[in-house]
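Colleague: Build me a structure from this.
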Amino acid sequence: MKKIIITIVITIILITSILLWSRYISTSGLIVKEYKIESNKLPQSFHGLKLVHFSDLHYGRTVHEKELKDIVNKINYLKPDIVVFTGDLIDNDTVTTPEVSNILKKYLSMIDVKIDKYAVVGNHDYKNNYYTSIIEESGFILLNNNYDIVYNGNYKPIFIGGIGNYTYGKSDISSTMSYFNNENNDLYKIILVHEPDILDELTNYNIDLVLAGHSHNGQVRLPFIGVVVKPVFAEKYYDEYYKVKNTNLYISSGIGTSTINFRFLNKPSINFYRFVKTKVE
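Modeller: This next block holds a predicted model:
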């Protein structure tokens, strides 16, 4: 009986410790995941480009004003040329008051870039009436089934497109890719999406790089098992990186939490990409 009681007590302590760790330690702090993106198609003027990718803030759960300020400081410390946000700014369970909206605009507008800032619509953003105004008044270009042609001091640009929300059936790939014809199809192409499982519908468009969010790379991961729960439309692609045909897909593990305020073996993070032209002109 004594051994049983000791075993029960140890088990309770262990479970409690894991829960407290997942709630308060694993959801705090911010790490930077750095990747090198290499391509012959990259224009010479974009050699050395620095792009920061953040996603799934879910403001109001484990991210509040203090955490948002730290995130912006971390992004600015990296001195990015371009910043992209791949959706889910405010959690569905958070009431978007004018005060919340103003806090987000205050800090997101402080993100400093040399070229531009871009965003797409996440499934938590789709029904939020404040989202578009927060994004645009913070200096971001909202790419919702449209694109931007980006120059960096040279005659040859790159293409950045954004696809509408896949969860709500609002994606229109043909509109996003409408710029292309036989004359300009050799541009380096970056596509921003929220839900990564849309990738299989993009592979025929000769896209070089797709940046996504939504999966959180598995908000809770277990040793030897990996991802515990996969969100809808992040069931096939959910880890950090995939290559399908000639397209590279990077998925952010996100910053906030969704559904439950826990992370395990998966710290909040942002992605930092350094672009390298493999054949110097």
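
Colleague: Helices of the stretch 101-250 of the chain, residue ranges please.
Modeller: Listed in chain order, the helices found in the stretch 101-250 of the chain under DSSP state H, counting those that start in this stretch are 131-137, 173-176.

Colleague: Give me the helices and strands touching the longest one, please.
Modeller: Secondary structure elements in contact with helix 131-137, counted by 3 or more CB pairs under 8 Å, 6 or more residues apart in numbering; DSSP states H and E, are helix 98-108, strand 140-142. Every C-beta, even on glycine, is put in place using the N, C-alpha and C of the backbone.

Colleague: repeat that with 6 Å
Modeller: Counting contacts by 3 or more CB pairs under 6 Å, 6 or more residues apart in numbering; DSSP states H and E, helix 131-137 packs against helix 98-108.

Colleague: Just the buried residues of the helix it packs on, please?
Modeller: Of all the residues in helix 98-108, those buried under the rule 16 or more other CB atoms under 10 Å are 100-101, 103-105, 107-108.

Colleague: Then stretch 48-65?
Modeller: By neighbour count on 16+ other CB under 10 Å, the buried set for stretch 48-65 is 49-63.

Colleague: Can you give me the pLDDT of residue 240?
Modeller: pLDDT for residue 240: 97.

Colleague: Show the contacting residues for the residue nearest the centre of the chain.
Modeller: Compute the mean C-alpha point of the chain, and by CA atoms, centre = their mean the closest residue is residue 55, 3.1 Å away. The contact partners of residue 55, by CB atoms under 6 Å, 6 or more residues apart in numbering, come to 86, 213, 252, 254.

Colleague: wait, which of those residues is closest to residue 271?
Modeller: Of all the contacts of residue 55, residue 271 sits closest to residue 252, with 5.4 Å by CB to CB.

Colleague: Surely that closest one is in contact with residue 270?
Modeller: No: in this structure residue 252 lies outside contact range of residue 270 using CB atoms under 6 Å: 7.2 Å.

Colleague: who's more crowded, those two?
Modeller: Using other CB atoms under 10 Å, the more surrounded residue of residue 252 and residue 270 is residue 252, with 27 against 23.

Colleague: That one and residue 231, how far apart?
Modeller: Per CB to CB, to the nearest Å, residue 252 is found 13 Å from residue 231.

Colleague: how about TSV for the buried residues of helix 98-108, with distance to residue 78 and pLDDT added?
Modeller: Shown next, in TSV, are the buried residues of helix 98-108 (distance: CB to CB, whole Å; pLDDT from 0 to 100):
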residue	distance to residue 78	pLDDT
100	26	97
101	26	98
103	22	98
104	20	98
105	22	98
107	16	98
108	16	98
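
Colleague: just curious, which of the residues you listed is nearest to residue 73?
Modeller: Top of the list for closeness to residue 73, among these and by CB to CB, is residue 107 at 9.4 Å.

Colleague: wait, what's in contact with that closest one?
Modeller: Contacts of residue 107 were listed using CB under 6 Å, 6+ apart, and they are 68-69, 72.

Colleague: Check what pLDDT the closest residue in space to residue 132 that isn't next to it in sequence gets.
Modeller: Distances taken as CB to CB, 6 or more residues apart in numbering place residue 142 nearest to residue 132, at 6.2 Å, with adjacent residues excluded. We have a pLDDT of 98 for residue 142.

Colleague: Next, count neighbours for residue 142.
Modeller: By other CB under 10 Å, 16 other residues sit near residue 142.

Colleague: Let me know the distance separating it from residue 21.
Modeller: Remark: distance between residue 142 and residue 21 (CB to CB) = 37 Å.

Colleague: quick one on the thing from earlier: now, which of the buried residues of stretch 48-65 lie within strands?
Modeller: Cross-referencing the buried residues of stretch 48-65 against strands under DSSP state E gives 50-54.

Colleague: Output the below-cut-off pLDDT ranges for the stretch 151-281 of the chain.
Modeller: 182-184, 280-281 (pLDDT under 70).

Colleague: follow-up on the earlier one: residue 187: which of the buried residues of stretch 48-65 is nearest?
Modeller: Nearest to residue 187 among the buried residues of stretch 48-65, with distances taken as CB to CB, is residue 49, at 14.3 Å.
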